[in-house]
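Trainee: Test case, fold it:
(one chain, ligands or ions: 2)
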Amino acid sequence: MAKMLEFRQLSKKYPGTVSPAVDNFNLDVEQGELIVLIGPSGCGKTTTLRMINRLIEPSSGTLIVEGRDYRTYNAVDLRRRLGYVIQRIGLLPHLTIAENITFVLKLSGVDRTSRQKRAIELLEMVGLEPAEYLDRYPKELSGGQQQRIGVLRALAHDPDIILMDEPFGALDPLMREQLQEEFKRLQQNVAKTIIFVTHDMDEALSMADRIVLMRDGGIVQVAEPEEILRHPADEFVASFIGRFRVLRQASEVSVGEVMLTGPVTIGAHQGLAQAMELMRRRRVNTLLVRDTTKTFIGMVSQASVRHHFEAGETFKVSMIAEMPQKTLKPDDTALTAMHQMLEGNDLELIPVLNDDGKLMGLITRGSLVGLLGDALRVAAEVDPSSRSSEGAS
Ligand SMILES: Nc1ncnc2c1ncn2[C@@H]1O[C@H](COP(=O)(O)OP(=O)(O)OP(=O)(O)O)[C@@H](O)[C@H]1O
Ligand SMILES: [Mg+2]
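Mentor: Residues are numbered from 1 along each chain as shown. Ligands and ions are numbered 1, 2, ... in the order given. The predicted structure is shown next:
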């Protein structure tokens, strides 16, 4: 395979700063490789990307692009070979979505009909109905939609090298996964070389051919995902991975595996006195209400039951049952459950329902804390000095 990019001691020290933002960056990138740059905020990822397309001039060192020192290209030529998705979306506010997507094509003299065709093709690729979006302006799109347009803009002119600075940061998890897969496929089919910046170790592990882990402007480790997991170069890498392991574990465990089965339930037809008695006896302050077919009707709280009971009401619990803010399905991930729990105000529990709305179990704040505790303990056991003796297998 041909070498696409060769970084040679590339360094950048911004004027008036003490330490370099990027310090002796050395790396060879093959054609068609997807390289992920990852590391803490401020470690020099964006600076590295911006040097590649000469938005920033390096203080020393150089870069070879397709065999030629990049200074021998004129800037416009160089940028035509590169697609760049910037960290903050940066759509041009006075251009329509179609014009934004095809901006570079226009600069290259491509005619209007071909540009329109390309914009339609790309919008369809990310599931945005062209008829609806082509003529809108950026401010009429949600943040996530704007971010997808930012990605399309970098693809429109079919560049050899694509630079992406946290391109999926504002997307919901589903769209994020969809675009990750789209990109992986694109890169494999047409051998695009991609330099991809992210904060998200999960994203790095799932997308990268090789991961470049940076710290304080320097490279700490370059390795394939499997290798970096097995043999983190030092404590810093191990702890960087460790923090994400917790989330990885939570995304590999399903709600069905960690839910409490047999929550305290009450039949919809039962009365308030029965509800009071059941809560007292089972020491719970919420009851899940179900009908005779186990279909979930809602929840009642102790406070609400007591209030109506003391007011002398005689109706059945189903009258005061309320649908919860959130419900889960057994095949949702524990990570989803955590997100739901955090989003809901003071949520203590979330019922788990199957597709027919039948009550399968319950996720409580306590059970999630238990799971996180386990995961954190595992993460704490990651010790690079003992792991390196495993050898390469
Ligand atoms: N124009 C500038 N002038 C001076 N210092 C800068 C400038 N741009 C960035 N820096 C500094 O250079 C270092 C690297 O910044 P850079 O934007 O490359 O980090 P990053 O890894 O992309 O961070 P993040 O993950 O937060 O986006 C930081 O310490 C930053 O404060
Ligand atoms: Mg950045």
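
Trainee: tell me which parts of the stretch 101-250 of the chain are close to ligand 1?
Mentor: By C-beta under 6 Å from any ligand atom, the residues of the stretch 101-250 of the chain that approach ligand 1 are residue 199. C-beta: built from backbone N, CA, C; applies to glycine.

Trainee: Now do the strands in the stretch 101-250 of the chain.
Mentor: Taking DSSP state E, counting those that start in this stretch, the strands of the stretch 101-250 of the chain run over residues 161-165, 193-198, 210-215, 218-223.

Trainee: Run a quick check on residue 184 versus residue 209, I expect a contact.
Mentor: No - Residue 184 lies out of contact with residue 209 (C-beta atoms under 8 Å); the separation is 9.8 Å.

Trainee: what's the overlap in contacts for those two?
Mentor: Both residue 184 and residue 209 are in contact with residue 34, where contact means C-beta atoms under 8 Å, 6 or more residues apart in numbering.

Trainee: which element is the spatially most distant residue from the centre of the chain on?
Mentor: For the chain, the largest distance from the centre (C-alpha atoms, centre = their mean) belongs to residue 312, which lies 51.7 Å off. For residue 312, there is no host helix or strand (DSSP states H and E).

Trainee: List phi and psi for it.
Mentor: Main-chain torsions, residue 312, degrees, to the nearest 10: phi 80, psi 10.

Trainee: Residue 106: what's it in contact with?
Mentor: Applying C-beta under 8 Å, 6+ apart, we find residue 106 in contact with 99, 115.

Trainee: Pull up the gap between the closest residue to residue 83 other than its chain neighbours and ligand 1, please.
Mentor: Once flanking residues are discounted, residue 83 sits nearest to residue 154: 3.4 Å by C-beta to C-beta, 6 or more residues apart in numbering. Remark: distance between residue 154 and ligand 1 (C-beta to the nearest ligand atom, to the nearest Å) = 17 Å.

Trainee: these two touch, right, residue 154 and residue 85?
Mentor: Yes - counting by C-beta under 8 Å, a contact exists between residue 154 and residue 85, whose distance comes to 4.6 Å.

Trainee: sorry, back to before: export the strands of the stretch 101-250 of the chain to JSON lines and append columns for mean neighbour count and mean pLDDT.
Mentor: As requested, the strands of the stretch 101-250 of the chain are exported to JSON lines (neighbours: other C-beta atoms under 10 Å; pLDDT from 0 to 100):
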{"stretch": "strand 161-165", "mean neighbour count": "23", "mean pLDDT": "90"}
{"stretch": "strand 193-198", "mean neighbour count": "24", "mean pLDDT": "92"}
{"stretch": "strand 210-215", "mean neighbour count": "22", "mean pLDDT": "96"}
{"stretch": "strand 218-223", "mean neighbour count": "18", "mean pLDDT": "96"}
